[in-house]
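In: Any chance you can model this:
(chains A and B)
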Amino acid sequence: MSTKQMTGAEMVIKSLADQGVDVVFGYPGGAVLPIYDALFKQNHIRHILVRHEQGAVHAAEGYARSTGKPGVVLVTSGPGATNAVTGLTDALMDSIPIVCLTGQVPTHLIGNDAFQECDTTGITRPCTKHNYLVKDVNKLSRTVHEAFYVATSGRPGPVVIDLPKDVQFATGTYEMPKSAAHKTYKPTVKPARDRIEAAVDLLLNAKRPIVYAGGGVINAGPNASKLLTEFVRMTNYPCTLTLMGLGAFPANEPQFLGMLGMHGTYEANWAMHDCDVMLAIGSRFDDRITGRLDAFAPKSTKIHIDIDPSSINKNVRVDLPIIGDAGFALEDLIKVFKARQKKNDAAAMDRWWGKIDEWRAIDCLNFKTNKDVIKPQEAIRRLYEKTLADGRDTFITTEVGQHQMWAAQHFHFQKPNRWMTSGGLGTMGYGLPAAVGTQLGNPDGLVIDIAGEASILMNIQELSTAVQYRLPVKVFILNNEYMGMVRQWQELLHGGRYSESYSEALPDFVKLADAYGMKGLRAQKPDQLDGVIDEMLAHDGPVIADICVDKAENCFPMIPSGAAHNDMLLGPVEEGKDAIGAAGKVLV
Amino acid sequence: MAKSGTVGQPGAAYTFVKSDQSVRRHTFAVIVDNEPGVLARVIGLFSGRGYNIESLTVSTVTEDESVSRINIVTTGTEMIIEQIKAQLERLIPVHNVHDLTLEGAHVEVELALVKVRAKDHNRRESLRIADVFQAKVADTTLESFVFQIEGTTDKVDSFIELMRALGDTEIARSGVIAIARGAGVVEV
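Out: Residues are numbered from 1 along each chain as shown, chains lettered A, B, ... in the order given. Presented below is the predicted three-dimensional model:
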C-alpha cells in the first residue's frame, strides 16, 4: 500500500488520477474551492465547466455510456447538489456508473442550516446506488476508491461522495487500496452452470423462441454484444431489443425484429406475445415493455439473466432466473449450446419465422410522405442515411418524447455504446449535455442530439459548454411546436384538449445558434431537408438544425397504456372510438 | 383506422394472474454495518417502495459494536416478500438478510411496558391478570401500575386488550426481536 501525506483536496485529485479519470464535469462553488484549487495545480485531469449541475451529470452519463468508463461529476454544496439530483436519478434508473463529488459545509456547521447547506446524503440516498459523507480525511482516499468500485461493478449506478470543506483542507494519509474487494458488497457475476444447462434445454425444445435483450448487455461491455450476436446468429432465434439495449445486436441482421414495447415494432411485440420460450438478457420487464402484465407473453416459459437479483420476479414471474453478468452468461450459453450439438426442430422454426415474416409484412413503421411538409420519420431516415454515407463513427443522443421514439424506430445501430437516451426516468433535457459528454469521450466521432423543440429548451444553456470546448455536436431539432408526446396522449386520452402542450413563444433557433456563436440552419420544406443535413454534417463545429416538421404527426405503432402486446395501434384511431380503456387511463 | 387485436383474458392492467395474492407476515433479520444512515437506508427502502413495516428493532450485536441487527416484521404477497429480501440485500452496508419465517422455526419475543390507571376492584383485577400473564410490576403508585410483559405479539396484544378494559392505559412496545431455533449461528 502506497501512502503519502497530503490535503483532502489533493487526495481527491490523486484518487481520480489513480482511477484513470481524464475528464471531470463540474461547476465550482464555495464548498468545493479547495478541490478547484488542487485541480488548478495539476495537468492530469481535464475539467469541463458546464452551465448547470444537471448538465454535468447528464454529460457524465453520455461520456460513460459511450466509453464504458465511469463518468465523474464535481459540484458544490446546497444548490449544486440538489441540481444534480435529476441526473443522479436518471443514472440510477438506467444503471450508468457515475461518481459525483459534492462539496459540503464544514463538519462543525452540518445541521446548522448554514449557507448553501443541504442534507446531501439524505436527499440522494434514494437516488444513488450508494452514498458517503466523509468526516475524516484519513478515510477520504479509501472512500473515493471504494466509490468507483461500487459505481462500476455489479449493476452499475451513481455514487455520491459528500465532502465537508474542512476535510478538503485537512492533511492526512493517502492510500491506494491493493484490492477492490468490499467486505459486504459482492455482486455475483459468474452464472451457475446448472442453470445455464437448464436454459439450453428449454431453448432447444422451443418451437417459438425469442431473445429479448436490454441495457444490461451494453453495460457488460462491447464483448457481451459480440457474444449476443454470435449466439443469435448461431441459433437463428429472433431477437428484439429494449430502448436501452439498441446497438447490442446489429440492426441489419435478419434475426433483428426491432425494438419492442410501447412504441416497438408490430413483429417484435407479436413475437413476444406468441413465443413459447423467452430468453431475457439484461432487461428488466419494465412497464413500457410488458404492457398489460396478465396478458404478457401468456404461453411462454421465461428465462431471465440479470446481474441484479432484485430484478428477478419484480414485475413478471420467471421460470428460470440466472444471476450473473450478461457477458459471462452468453459465453457459457454459447459453450453449452455448441457442446450439445443439437438444433431446434427445423420445421417448427420455419413455421415461427413464417409467422414473423407475416407480421413484418405489415410494415408497421411505414408512413406517408408529403411534398409540402416534412414528416419527422422522414427527417430521421434521411439523417440516418446521410450519416451512413458520411462514414464517421456516429453517436446519437436524444431528449425525451416523440422524437426519441422516432429516433429509436428509424435510426439503426450496428454497434453498442452509440445510442445515449434517457430510458427509465425519461428526462427531457438529457440529450444536449449527454452529447457534450459523448463528444468529449469520442473526439473523432460524429455526435448528434436528436431533439424536440420543447426538450432542448430544458438544458439549452449547455450550448455554451459545447462552444467553449469547441465540441462539434449537432443538435437536430424535430420542431413541431408541441410537446408532441403530451399532445399525442391528450389526443388519445383527453378528447384532444391540448392543455398547455403547445410550445408558445419559441425562440428562433437559428438566431439562438448565432447568439451562442454556433451555426444555425433551418429546413421548412421537404426539398430543403437533404441540403440542411449535408450542411450540418459538413460544418466543423457545433450546429443547430431546426427541422420544422408536421405538427400533427403521432408516433405509431403504439401499445396503449394498459393494453397487451397483441393489442397494438398501427395508426390513428377512428373517430368516436376510445383507444385506451378506463384501467389504462390511470396508468402513465 | 384501428388495426388492433383483442385478448380473451380477463383482469385489470398491471395485475398478476398466476402468483399467490394472499398477504402473509414475515419476520426478517438484517445484519448491517453499524454506521450513520444505515437505518435510514432500510426505512427509506420500505417507504420508497411502499412496503409495510409492522415493527422494527435495531441494536448493535457484536463486541466491537461494528455490526447491528435489524429485526423487521412486514407483510406482503409472496412476490413482495421476495422483493423485500432482494432489495435489502442490494444495500451496500447490508451483510446478509434472513427471512426467518421462510428459514424455519424461530423464536419471536417482544417486550411491553403497560401503565394502567385503575382503582378499587379494577386495580385488584389488573394485578390478578398480570399474575396470569406472568407480567412483572415495574412501578406502582396508589392509583396505577406499570406492568412489564414479554412474549409473543399475540400474548402482549391480549394482555393490553384486557388492561384497556380496566382503566386508562399508556403503552410502550419494543417491537419483535427474533432468532432462529437450533444450534446454527448467523454469520456477521
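In: Now do the strands in chain B.
Out: Under the criterion DSSP state E, chain B contains strands at B:24-33, B:55-60, B:67-76, B:94-99, B:106-117, B:136-141, B:144-151, B:168-173, B:177-180.
In: Compute the inter-axis angle for the longest one and strand B:136-141.
Out: To tie it back to what came earlier, the one meant is strand B:106-117. Going by axes from the mean of the first three to the mean of the last three CA atoms, to 10 degrees, strand B:106-117 is angled at 20 degrees with respect to strand B:136-141.
In: Now the phi/psi pair for the closest residue to B:G37 other than its chain neighbours, please.
Out: Spatial nearest neighbour of B:G37, excluding adjacent residues (CB to CB, 6 or more residues apart in numbering or on different chains): A:T121 at 6.2 Å. C-beta coordinates here come from the backbone N, C-alpha and C atoms, glycine included. Dihedral pair for A:T121: phi -70, psi -30, per degrees, to the nearest 10.
In: Residues in a beta bridge with A:M558, which ones?
Out: Beta-bridge pairing for A:M558 (DSSP bridges): A:L569.
In: Low-confidence stretches in chain A?
Out: A:1-3, A:573-579 (pLDDT under 70).
In: residue in the stretch 301-450 of chain A nearest to chain B?
Out: A:S310 (3.7 Å; CB to the nearest CB).
In: Am I right that that residue falls within a helix?
Out: Yes - checked against DSSP: H, G, I helix; E, B strand; the rest coil, A:S310 lies within a helix.
In: Isn't the residue nearest to B:G37 up against A:N131?
Out: Yes - here A:T121 reaches A:N131: they are 5.0 Å apart, a contact under CB atoms under 8 Å.
In: Now do the shared contacts for those two.
Out: A:160, A:162 (CB atoms under 8 Å, 6 or more residues apart in numbering or on different chains).
In: What is the burial count for B:T140?
Out: Using other CB atoms under 10 Å in any protein chain shown, B:T140 has 12 other residues around it.
In: which SS state does A:A280 fall under?
Out: Applying three-state DSSP: A:A280 is strand.
In: which ones are touching it?
Out: Per CB under 8 Å, 6+ apart, neighbours of A:A280: A:212-214, A:302-306, A:318.
In: and if you look at A:I380?
Out: Counting by CB under 8 Å, 6+ apart, A:I380 touches A:403, A:406-407, A:409-411, A:450, A:478.
In: Who's the closest spatial neighbour of it, skipping the chain neighbours?
Out: A:H410 (4.1 Å).
In: thinking again about what came up before, among the strands of chain B, which is nearest chain A?
Out: Going by CB to the nearest CB, the one of those nearest chain A is strand B:94-99, 5.0 Å.
In: The stretch 51-200 of chain A against chain B: which residues are in contact?
Out: Counting by CB under 8 Å from any CB of the partner chain, the positions of the stretch 51-200 of chain A adjacent to chain B are A:121-122, A:125-126, A:129-130, A:133, A:150, A:182, A:184-185.
In: of those, buried ones?
Out: Neighbour-count burial (16 or more other CB atoms under 10 Å in any protein chain shown) applied to these gives A:121, A:125-126, A:129-130, A:133, A:150, A:185.
In: from these, which single one is nearest A:M244?
Out: A:K129 (16.8 Å; CB to CB).
In: mind listing what A:G520 touches?
Out: A:509-514, A:543-544, A:546.
In: at 10 Å what do you get?
Out: Residues near A:G520 by CB atoms under 10 Å, 6 or more residues apart in numbering or on different chains: A:475, A:508-514, A:542-546.
In: same thing with A:I323?
Out: A:187-192, A:195, A:304-309, A:311-312, A:329.
In: From B:I43, how far off is the closest residue to chain B within the stretch 401-550 of chain A?
Out: Using CB to the nearest CB, the single residue of the stretch 401-550 of chain A nearest to chain B is A:L492, 11.5 Å away. A:L492 is 39 Å from B:I43, where distance means CB to CB, to the nearest Å.
In: can you give me the end-to-end distance of stretch A:278-295?
Out: Start-to-end span of stretch A:278-295 (CA to CA, to the nearest Å) is 15 Å.
In: Switch the strands of chain B over to a markdown table; also include distance to A:G520 and mean pLDDT.
Out: Converted to a markdown table, the strands of chain B look like this (distance: least, CB to CB, whole Å; pLDDT from 0 to 100):
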| stretch | distance to A:G520 | mean pLDDT |
| --- | --- | --- |
| strand B:24-33 | 54 | 97 |
| strand B:55-60 | 59 | 96 |
| strand B:67-76 | 55 | 97 |
| strand B:94-99 | 53 | 96 |
| strand B:106-117 | 70 | 97 |
| strand B:136-141 | 80 | 98 |
| strand B:144-151 | 76 | 98 |
| strand B:168-173 | 68 | 98 |
| strand B:177-180 | 67 | 97 |
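In: Export these as CSV, with columns for distance to chain A.
Out: Listed next are these as CSV, based on distance: least, CB to the nearest CB, whole Å:
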stretch, distance to chain A
strand B:24-33, 7
strand B:55-60, 16
strand B:67-76, 10
strand B:94-99, 5
strand B:106-117, 23
strand B:136-141, 36
strand B:144-151, 32
strand B:168-173, 28
strand B:177-180, 21
